[in-house]
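[1] Please find the sequence and the predicted model below.
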Amino acid sequence: YKHLLISVVLLICFSLISLYRSISLKDQEYLIVYNINRVSAINLIDGKDNILFANFDEDNMKQIDFSAKNNWLNLGLENEKFIDIVDINSRNILSNIAVLDNKKVFLKNNFIAYKDKRILLINKNFRLQDYLHANAKIDVDYIIISNSPDVNLGDLSRIINFEKIIFDSSNSDYNITRWL
């Protein structure tokens, strides 16, 4: 009888721990810009939904696997969705719809919206001149600069209101020093 009672108590404890873990996984929300040498990798995590925006090639995937997958395991994430940001503007928007089945995430050109946060990705495909003639400044929360684009921060601040600029590790040290 004593062994049965201990077994039931342990079973209840394991069940409660599992329930707590499931609830906490459902509520997790992260925006992560990984520090992977010469790789641009931006991760949106919404519950168990895991979307990675990155510049993908064979070498980069090895580095992403090493850096990001360990984090995903710690967060209890099993499936990831990949979006290549190198050709984000040239890609047909319909191809993104299948990947972005999360209603809280929106992708258009170099803009990502996640819940109430607006993110502007500035990379070599970003064309500042497309926004120079706007009637009002563009409001974003974060600007993420990647892959050493030819951009002037003074010009950006004249047309874009932002809270933070993030330089990811795909930028050259020379350009980061020049921008700062």
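    Structure received.
[2] Would you mind identifying the next helix or strand past the strand or helix carrying Ser67?
    Assigned by DSSP states H and E, Ser67 falls within helix 58-74. For helix 58-74, the following helix or strand on the C-terminal side (DSSP H and E) is strand 81-84.
[3] what's the model's confidence in that following strand, averaged?
    Mean per-residue pLDDT for strand 81-84: 84.
[4] other SSEs contacting that strand?
    On a contact count with 3 or more C-beta pairs under 8 Å, 6 or more residues apart in numbering; DSSP states H and E, strand 81-84 meets strand 49-54, helix 93-99. In short, each C-beta sits where N, CA and C put it, glycine included.
[5] Out of those, name the one with the poorest average pLDDT.
    Comparing mean pLDDT across the helices and strands packed on strand 81-84, the weakest is helix 93-99, with a mean of 51.
[6] The residue nearest to Ile45 when sequence neighbours are not counted in helix, strand or coil?
    Nearest non-adjacent residue to Ile45, counting by C-beta to C-beta, 6 or more residues apart in numbering: Tyr30, 4.2 Å away. For Tyr30, the assignment made with DSSP: H, G, I helix; E, B strand; the rest coil gives strand.
[7] Would you mind listing the outside residues contacting the helix or strand harbouring Ile45?
    Using DSSP H and E, Ile45 maps to strand 41-46. With C-beta atoms under 8 Å, 6 or more residues apart in numbering as the test, strand 41-46 has contacts from 28-34, 50-55, 64, 67-68, 71, 75, 77, 85, 102, 104-105, 112, 114-115, 119, 121, 144, 168.
[8] Can you say which of those residues are buried?
    Those of the contacts of strand 41-46 that meet the buried threshold are 31, 33-34, 50-55, 64, 68, 75, 77, 85, 105, 112, 114, 119, 121, 144, 168, by 16 or more other C-beta atoms under 10 Å.
[9] circling back: just want the angle from the strand holding Ile45 to helix 58-74.
    Put simply, strand 41-46 runs at 30 degrees to helix 58-74, going by axes from the mean of the first three to the mean of the last three C-alpha atoms, to 10 degrees.
[10] Lovely, talk soon.
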